[in-house]
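> Got a predicted structure here, sequence first:
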Amino acid sequence: NAGVTQTPKFQVLKTGQSMTLQCAQDMNHEYMSWYRQDPGMGLRLIHYSVGAGITDQGEVPNGYNVSRSTTEDFPLRLLSAAPSQTSVYFCASSFSGSSPLHFGNGTRLTVT
Amino acid sequence: KQEVTQIPAALSVPEGENLVLNCSFTDSAIYNLQWFRQDPGKGLTSLLLIQSSQREQTSGRLNASLDKSSGRSTLYIAASQPGDSATYLCAVSNTGNQFYFGTGTSLTVIP
């Protein structure tokens, strides 16, 4: 049972490049979400999904896109990377809104 | 928007001591509250989840309480051990879908 798997673990991008952060879970969780963690700030929600085909914006959605075509996968796309998107990104999942959140180990992204 | 505050930002205690970590939130109409542990370079691990109808939850040496009317939660750690050293984060949800996190308390337990 792998839990929540995020790839890659580290990534360096140049300003303007695009990329996709991958997130997969094998627990049959309906709820999946993406957070970013920056020094001195709490984790902030980017986008979330309550099931396949359903996504919604969180607190800081600008510059990011998501889709949920399967229950297992919830990729996060950076459309045109900016230095302000340098951060650690975490994917999380849960069975429902009343269940504990399970986190991946994060992707450390640097945009130069 | 829900604001979550955790005080203190850092705490250092000798091994064996009992300790309390604090979490406060501005909107008392919460759905649930979770306490997490984060080790350096790692993801978050859920420790305790308290639903809005509950007053406390216990797991081993950990006890979390919730007082919605005052906008506060505490995490009590009994008989602290060096392995408890980590950052502890509190997260509050008003809907079950969006969680608002505090900035955490960095705990060091000195052998």
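Cool, the structure landed.
> rest of the way, CA atoms for contacts and neighbours
Fine.
> Tell me the secondary structure of the residue nearest the centre of chain A, please.
Centre of chain A computed as the mean C-alpha position; nearest residue by C-alpha atoms, centre = their mean is residue A:34, 3.1 Å away. For residue A:34, the secondary-structure state derived from DSSP: H, G, I helix; E, B strand; the rest coil is strand.
> Make sure it is actually in contact with residue A:92.
Yes - checked against C-alpha atoms under 8 Å, the pair residue A:34 and residue A:92 is within contact range at 6.4 Å.
> what does chain A put close to chain B?
Those residues of chain A that sit near chain B, judged by C-alpha under 8 Å from any C-alpha of the partner chain, are A:31, A:40-45, A:48, A:50, A:58, A:90, A:96-106.
> Show me just the buried residues among those residues.
Judged by neighbour count, with 16 or more other C-alpha atoms under 10 Å in any protein chain shown as the criterion, the buried members of these are A:31, A:42-45, A:48, A:50, A:58, A:90, A:96-106.
> what residues does chain B put near chain A?
Looking at chain A, the residues of chain B close enough under C-alpha under 8 Å from any C-alpha are B:32, B:34, B:41-46, B:48-49, B:51, B:95-104.
> Kindly supply the PyMOL command isolating those of those that are buried.
Selecting the buried subset of the residues of chain B next to chain A in PyMOL, with 16+ other C-alpha under 10 Å as the burial test, is done by:
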select buried, chain B and resi 32+34+43+44+45+46+48+49+51+96+97+98+99+100+101+102+103+104
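> Now go through the residues of chain B next to chain A and say which are in strands.
Applying DSSP state E to these, the entries found in strands are B:32, B:34, B:44, B:45, B:46, B:48, B:49, B:51, B:99, B:100, B:101.
> wait, the fourth one sits on residue B:37?
Yes - in this structure, residue B:45 is within contact of residue B:37 by C-alpha under 8 Å, at 5.2 Å.
> What is the burial count for residue A:20?
15 (other C-alpha atoms under 10 Å in any protein chain shown).
> which residue sits closest to the residue nearest to the centre of chain A in space, ignoring its chain neighbours?
The shortest distance from residue A:34 to any residue other than its chain neighbours is 4.6 Å, reached at residue A:91 (C-alpha to C-alpha, 6 or more residues apart in numbering or on different chains).
> ok, that neighbour - contacts?
Residue A:91 sits next to A:4, A:6, A:23, A:32, A:33, A:34, A:35, A:103, A:104, A:106 when contact means C-alpha atoms under 8 Å, 6 or more residues apart in numbering or on different chains.
> Now name the helix or strand holding the second one.
Here residue A:6 is covered by strand A:4-7, with elements defined by DSSP states H and E.
> Let me know the secondary structure of residue B:83.
Classification of residue B:83 into helix, strand or coil gives helix, according to three-state DSSP.
> bridging residues for the residue nearest to the centre of chain A?
When assigned by DSSP bridges, residue A:34 has beta-bridge partners residue A:47, residue A:91.
> Could you measure from it over to residue B:26?
When C-alpha to C-alpha, to the nearest Å is the yardstick, residue A:34 and residue B:26 sit 23 Å from each other.
> Ok, residue B:42 next?
Going from residue B:42 to residue B:26 by C-alpha to C-alpha gives 28 Å.
> go on, residue A:33?
The value you get for residue A:33 to residue B:26, if C-alpha to C-alpha is used, is 23 Å.
> more neighbours, the two?
Comparing residue A:33 with residue B:26 by other C-alpha under 10 Å, the one with more neighbours is residue A:33, at 29 against 15.
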